[in-house]
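Enquirer: Please work out how this folds:
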Amino acid sequence: MPDKKNNKITGQKGEAIACEYLKKSGYKILATNFRYSRLSEIDIVAKEKDTIVFVEVKTRSTTAFGHPFEAINKQKLSHIFQAGLYYLKTSGEKFKNYRIDIISVLEPDNPKIEHLKNISLN
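Expert: Take a look at the predicted model:
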C-alpha cells in the first residue's frame, strides 16, 4: 500500500525541482499550489514571455506503477483548466495567452525531467 507521507514528500520535492527547471528555462514563477477548490489545485503558475502557464507536476520514484504522465486524465486537466480560468480572473496578471503544461520528474534524487507543453483537453 502506498505511503501517503512519502508520496507527499516526493511530490513536494518534484515540484521544487520543476520550479528550478522552469526558472533556468526563463520562466517567472508567479504562484505555487494555487488552490481553486477542494478538487482543483495548480502546482505551478508561471509566466513565459506574454503567456501564463499552468503547470501540473507529476513525480515518481520509479516507473513500477507507470510513467508520471499516465497519472493525468481528462478530468484532472479539466480541474486545472477551471482553476486556471479562476486564476486569470482574479490575479490581475497581464497576459496575451495561456496554456497548460505537464512536467514529469522521475527519480527525484537523480531527476529526469520531461516537459510537455500546451496540453489539450481533447
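Enquirer: Residue 54 reaches residue 103, doesn't it?
Expert: No. In this structure residue 54 lies outside contact range of residue 103 using Cβ atoms under 8 Å: 11.3 Å. (Glycine included, C-beta is placed from N, CA and C.)
Enquirer: Quickly list what's touching both of the two.
Expert: residue 44 (Cβ atoms under 8 Å, 6 or more residues apart in numbering).
Enquirer: Can you check which helix is longest in the chain?
Expert: Longest helix of the chain, by residue count under DSSP state H: helix 4-24.
Enquirer: Following element in sequence after that one, please.
Expert: Using DSSP states H and E, the helix or strand that follows helix 4-24 towards the C-terminus is strand 28-35.
Enquirer: Just the CA trace of that following strand, in PDB.
Expert: Taking Å, rounded to 0.1, in the frame of the first residue of the first chain, the C-alpha atoms of strand 28-35 are listed here in PDB:
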ATOM      1  CA  LYS A  28       9.000  33.600 -13.900                       C
ATOM      2  CA  ILE A  29       7.200  31.700 -11.100                       C
ATOM      3  CA  LEU A  30       4.000  33.500 -10.100                       C
ATOM      4  CA  ALA A  31       2.500  31.100  -7.700                       C
ATOM      5  CA  THR A  32       2.800  27.600  -6.400                       C
ATOM      6  CA  ASN A  33       0.000  25.300  -5.100                       C
ATOM      7  CA  PHE A  34      -2.700  27.700  -6.200                       C
ATOM      8  CA  ARG A  35      -6.000  26.300  -4.800                       C
END
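Enquirer: what angle do it and helix 4-24 make?
Expert: 160 degrees (axes from the mean of the first three to the mean of the last three Cα atoms, to 10 degrees).
Enquirer: Summarise which helices and strands strand 28-35 is packed against.
Expert: Applying 3 or more Cβ pairs under 8 Å, 6 or more residues apart in numbering; DSSP states H and E, we find strand 28-35 packed against helix 4-24, strand 41-48, helix 74-91.
Enquirer: so how far is residue 94 from the spatially most central residue of the chain?
Expert: Centroid check for the chain by Cα atoms, centre = their mean gives residue 56 as the closest residue, at 1.8 Å. Going from residue 56 to residue 94 by Cβ to Cβ, to the nearest Å gives 23 Å.
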